[in-house]
Structure formats: structure tokens, C-alpha cells
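Chemist: 3D model of this:
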Amino acid sequence: MLLLLGGFLLLMLLGLPVALAMAVSSLVYILVTGITPDVTLAQRMIAGVESFPLLAVPFFILAGNLMNIAGVTGRIYKFAVALVGWMRGGLGHVNIVGSVIFSGMSGTAIADAAGLGTIEIKAMKDHGYSTEFAVGVTAASATLGPIIPPSLPFVIYGMMANVSIGALFLGGVIPGVVMTLAMMATVAYFAHRRGWGSDTPFSWPQLGAAAIEILIVFAFPLVVWLMVVAGLSVNVAVGIGLVALLALDWYFDFSAVMALMAPVILIGGMTLGWFTPTEAAVAAVIWSLFLGLVRYRSMTLQTVAKATFDTIETTASVLFIVTAASIFAWLLTVSQAAQTLTDAMLGITQNKWVFLLLANILILFVGCFIDTIAAITILVPILLPIVLKLGIDPIHFGLIMTLNLMIGLLHPPLGMVLFVLARVAKLSVERTTMAILPWLVPLLLALVAITYIPELTLWLPKYMGLSK
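Modeler: Numbering: from 1, shown residues only. The predicted structure follows:
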């Protein structure tokens, strides 16, 4: 166990990428101990990606990339300005609401930071906000990407923990709302303290138009349900609803209705059993292509090709991490390291609330150094047996783990969101880190609430029949 973990930590300190550090330390452990034939390394790495749910990964990544070039980000921003731009500290609230909407399509924090972040930071700087404040609120709101469904980390966790990915997606809805309110309260605090006003005049027509768009989106599933009750098949009802929606959008040219429909179609389809997560991800890609090629005509074959190659590159890096983490996690199990760590934690406490506190500290620490996907793949085999033994719902724990790891993306030494925003805002990593620090307060408060009020996560999956 010490050879495996020590080798991994040493290679990380030497600067090797986390995936290579896991793969090399695993190979060295196998060769030195002879615990299994060396060919097992390749077999276990391949087995790590032989999973149907993992097919959702490239499609969700592709959907996020396509949304970025479909002209959707600008429309989301315009809609958010109409909805909350009139509040004090308006563009801070716009930043958060825009991330909530974009989260329903991208599924990753980095896509949110890179996609909307460029528009939001520039707009906030143009309106007189400091670069540091713009970067801080953008970083904090980017953490919503993997909490509000769909979510790439939820797919990986669901596969590793053998729990319903649809239930995880639904479980993220209310925690996402809690995080959104906590961040908007933080913006309101800064606005009051610094005497900021609104960034756009209050306008009943603008606010009314934004509210109508929300009502149209919420009315869509109700209309489909009524048509099904009236005797139409689900496919026909959805088809009629989409055609009617498209006609309305073409006539009124709504700013964000079509984008807002993406999470409704995905989450609703999975909740009602129409889609598996992979099929939902494919539907998201088709929807993105429709918006870019047909509705907004903002895509070309060249931009689609670029989005595809970017997706291949990102998917390859994600799956390489999954394969390396797969053999590493397997060796932790067969070498009894996972059992030793489990026994050590249970030796400290048998109280599930104390365990959740310790687990939060551990995952936050791991998230500082290890990529999100790798961390999930390594930690689930270690922590899940304790979670089940103490009677903690694995869906609840999945939300806790994901939010901890999202917070880890905001600070050194790994901090991918930190580095992306430092590049976008042309700030040093040190200044970007200092800009993000105040925003850890609402995120940690939200983490405490989500950890110790399980119903925030579990009520909706239970209500929809996806969890016991």
C-alpha cells in the first residue's frame, strides 16, 4: 500500500500529470510486488472505460462545445440581463443566472467558465466593475455547471457507485438553487457595501418578456402531459409541442426559450424514462446542431468540425484519466489499502454526521491536487463502503463529493477553472486566487447545508420515484 500511494505522490510532486502518475505507480507496484501479471494493467485500464454510461461523456462535452458556437451564449446573457440586470450589482446577478442556464447544457465547470466567462468578464469590466470581482463571481458561478444537470461528474460517479444517474441529476436541482441564492446574496452584500447601483434601467416590458419566456418553458411539459392524457402518444405530443414552440420562437424571436428547453428535454426525458443518460446526451447534441444550423444559422461546417475535434481532445484526456484511475483504484482494493483506509476512518467514528465532516475535509484536500474525474474514480471505492455501512444515501453523498471537488477547481495547485479565468481575464494566477477567496464563503456555506440537510438532495428524486 505504501509503495502504491507513495509512488503516486512522489510522481505528482515531480510534476507528472495525474493520469500518468497513477498509471506509472500502478505499473511499478505490479512489477515489484508481483500481485498480478503485468498484462492486468492493460486489461483493467480497458475495462475501466467499457461502460455504456460513459458514452454520455463525449456527447455532453460536444453539446457544450456546440452551444458555445451556436450563438446561444449571447442570447443567454441578453435574457439574464432582462431578468436581473436591474438589481443592484446587476451584472453580478446576470453572471450567476447566466451560469444557471448554461449549466443545463454544458455539464462542466470549465465549459461554463470558458464559454460565458469571456462575455461576462468583459461586460462587467466595461460597466466599471473591478477585474477581480468579475473573475471571482464568474469562478464561483462556474461551479454550478456540474451541480445543475446534466453533469459529467455525476455520470462518472453514477457509473462507479452503481446508482441512478437520472436520480443524481434530479438530486442536483435543489442544491443548485441553494448555491444560486447564496451567490446572489453575496453579490447583494458587495453591492450594498460598495454602493453599486443597477446596470440596466428597470423595465416592466423587459422583465415581463423574460418572465413569459420562463412560463413558456415550464408550460411545455404541462402541455405535453395534457396531450398524453387526451390520448396522444408521447412521441406525437412531444413533436407537436416542439413544433408549436419553434413557431412561437420564430415569430417572437425569444432570447433564450430554445436554450432553456435543453435541460427541460434532457431532465424530463430521463425522469419519465424516455432517455438513458447517453440517449439524453445524444439528444442534447442534436438540439445544439438544430439551434446552430437551422434556427440561428450561426454554425458552419468548419465550426462544427472544430467543436468535434475539441471534443475528441477533451474526451481523450477524460477517458485516459478514467483508465489510469481504474487500475489505481482496483489495486487499492486488491492490496487491502481501501479496506485499511476504511477501517481507519471507522475507527475514528461510527457517527455518520462526524464521518461526513471528515469526508468533506478529505475530499476538499484531494480536490486541491487531483483532477475531478480521477478523484471520483479513486475515492468512490474507498468511501462508498463506509457510506453504505453508516446508512448514508449514495445519491446524497454523490452531491457532497461533486461540490467538494468543484470547490477544488477554484484554487491552486490544480484549479483548472482558476487557470482558465486567469487566462481569460489576463490576470496573474496569484491575483486570480485572491479574487476567488471571498467566494469560497457562500460555496462552503452551501456545502454545509447540502451535507447536513439530506432532503435538499433527496426530496426531488424521491418525489419523482427515482430514489427510495
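Chemist: going forward, measure contacts between C-alpha atoms and count neighbours the same way
Modeler: Noted.
Chemist: and the residue lying closest to residue 179 once chain neighbours are set aside, what is it in contact with?
Modeler: Nearest residue to residue 179, sequence neighbours excluded (C-alpha to C-alpha, 6 or more residues apart in numbering): residue 446, at 5.7 Å. With contact set as C-alpha atoms under 8 Å, 6 or more residues apart in numbering, residue 446 has these partners: 175, 178, 179, 182.
Chemist: Helix or strand: which one has residue 446?
Modeler: helix 440-452 (DSSP states H and E).
Chemist: can you tell me the average pLDDT over that helix?
Modeler: The average pLDDT within helix 440-452 is 95.
Chemist: Return the set of buried residues in it.
Modeler: Buried residues in helix 440-452, counted by 16 or more other C-alpha atoms under 10 Å: 440, 442, 443, 444, 446, 447, 450, 451.
Chemist: Switch those over to JSON lines, and while doing so, append distance to residue 209 to every line.
Modeler: As requested, these are arranged in JSON lines below (distance: C-alpha to C-alpha, whole Å):
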{"residue": "440", "distance to residue 209": "34"}
{"residue": "442", "distance to residue 209": "30"}
{"residue": "443", "distance to residue 209": "31"}
{"residue": "444", "distance to residue 209": "35"}
{"residue": "446", "distance to residue 209": "31"}
{"residue": "447", "distance to residue 209": "34"}
{"residue": "450", "distance to residue 209": "33"}
{"residue": "451", "distance to residue 209": "37"}
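Chemist: can you tell me which residues contact the nearest residue to residue 372 once chain neighbours are set aside?
Modeler: Spatial nearest neighbour of residue 372, chain neighbours left out: residue 405 (5.9 Å); criterion: C-alpha to C-alpha, 6+ apart. Going by C-alpha under 8 Å, 6+ apart, residue 405 touches 363, 364, 366, 367, 372, 375.
Chemist: how far away is the most centrally placed residue in the chain from residue 402?
Modeler: In the chain, the centroid-proximal residue (C-alpha atoms, centre = their mean) is residue 146; its distance is 1.0 Å. Note on residue 146: its distance to residue 402, by C-alpha to C-alpha, to the nearest Å, is 7 Å.
Chemist: Over to residue 13?
Modeler: From residue 13 over to residue 402 the distance is 24 Å, taken as C-alpha to C-alpha.
Chemist: These two: which has the busier surroundings?
Modeler: residue 402 (26 against 11; other C-alpha atoms under 10 Å).
Chemist: give me the number of residues near residue 118?
Modeler: 17.
Chemist: Leaving out the residues flanking it, which one is nearest to it?
Modeler: Using C-alpha to C-alpha, 6+ apart, the nearest residue to residue 118 is residue 424, at 6.2 Å.
Chemist: on that earlier part again, so which of the buried residues of helix 440-452 comes closest to residue 187?
Modeler: residue 442 (10.3 Å; C-alpha to C-alpha).
Chemist: distance of the residue nearest to residue 118 from residue 131?
Modeler: Residue 424 is 11 Å from residue 131, by C-alpha to C-alpha.
Chemist: Kind regards, and thank you for your time.
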